[in-house]
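Novice: Have a look; sequence and predicted model below, questions after that.
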Amino acid sequence: MKTIATPAQRRPLLAAAARQRGMVLFIALIVLVAMTLAGIALVRSVDTANVIAGNLAFKQATLQAGDLGVEAAVTALPTIIAGGVDTDLTPAASSTNPNYWYYASRRTTDAYGVPTTQQFGAAGTATAIGWSQVPVASTTAGNSVQFVIDRLCQGPPPVTDIMGSCFAEAAAGGSGSKKAGAQIFSATPTVYYRVTARITGPRNTTSMVQAILGR
């Protein structure tokens, strides 16, 4: 014989079912929030990886552009030597010729090896070079190249004792005769210059490249 539940008997069953449906909805909302957060984290991770890859590409491009600064220094150095090797040259920002700064004596460097405006061995606090005033020597692919040259010689110019005061290499020389008392000919020694190129590119990318030139 089939027993039919009365309304009073069905009410607790309906209430329990309603409570179960509310719990399932609560769990579904928690899972949905967790999946949303995971999706956001994945998107941010991909974006960060793309930004890092882009920054590395910009950094590599600035290092390659640094070669232009070294080449420009190689071109300018003969003019510097002929025009006044013992004279500092720091043109204003508006100057386009020459497009470099030149120091006739060695400069003190900062913690990163970048030259300052202070003469090496001088007393006092070194002051950073005002790169915003150094003229731009070259521009390529959105990268601006500037460079500063300092002659690796100790002491204030003029430098008279090249071999004793400078990083220099004595040139091979000699007379054309082995005869005693014959006149001896000697070549000009090679003096070394430090080139510091600063390259600024997109996204505030900045690189410094250095090279040593001998003349």
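Specialist: Sure thing, it's come through.
Novice: Just the helices from this protein, written as ranges.
Specialist: Ranges of helices within the chain are 7-84, 162-165, based on DSSP state H.
Novice: ok, of these, where does mean pLDDT dip lowest?
Specialist: Note on the helices of the chain: lowest mean pLDDT is at helix 7-84, with a mean of 73.
Novice: and the longest strand along the chain, how far out from the chain's middle?
Specialist: When the chain is parsed with DSSP state E, its longest strand is strand 190-200. Offset of strand 190-200 from its chain centre (C-alpha atoms, centre = their mean, to the nearest Å): 14 Å.
Novice: partners of it, with directions?
Specialist: strand 143-151 (antiparallel), strand 168-169 (antiparallel), strand 206-214 (antiparallel) (DSSP bridges).
Novice: Tell me which of these is the most buried.
Specialist: Comparing those by mean neighbour count (mean count of other C-beta atoms under 10 Å), strand 143-151 comes out on top with a mean of 23. Using the backbone N, CA and C atoms, a C-beta is placed for each residue, glycine as well.
Novice: For the strands paired with strand 190-200, please prepare CSV with the additional fields mean pLDDT and distance to T87.
Specialist: Listed next are those as CSV, based on pLDDT from 0 to 100; distance: least, C-beta to C-beta, whole Å:
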stretch, mean pLDDT, distance to T87
strand 143-151, 94, 11
strand 168-169, 90, 19
strand 206-214, 92, 18
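Novice: and P78, which of these is closest to it?
Specialist: Nearest to P78, of all the strands paired with strand 190-200, is strand 206-214, at 10.7 Å by C-beta to C-beta.
Novice: now what about the closest one, what contacts it?
Specialist: 59, 62-63, 66-67, 69-70, 73-74, 77, 112-114, 149, 152, 169, 190-201 (C-beta atoms under 8 Å, 6 or more residues apart in numbering).
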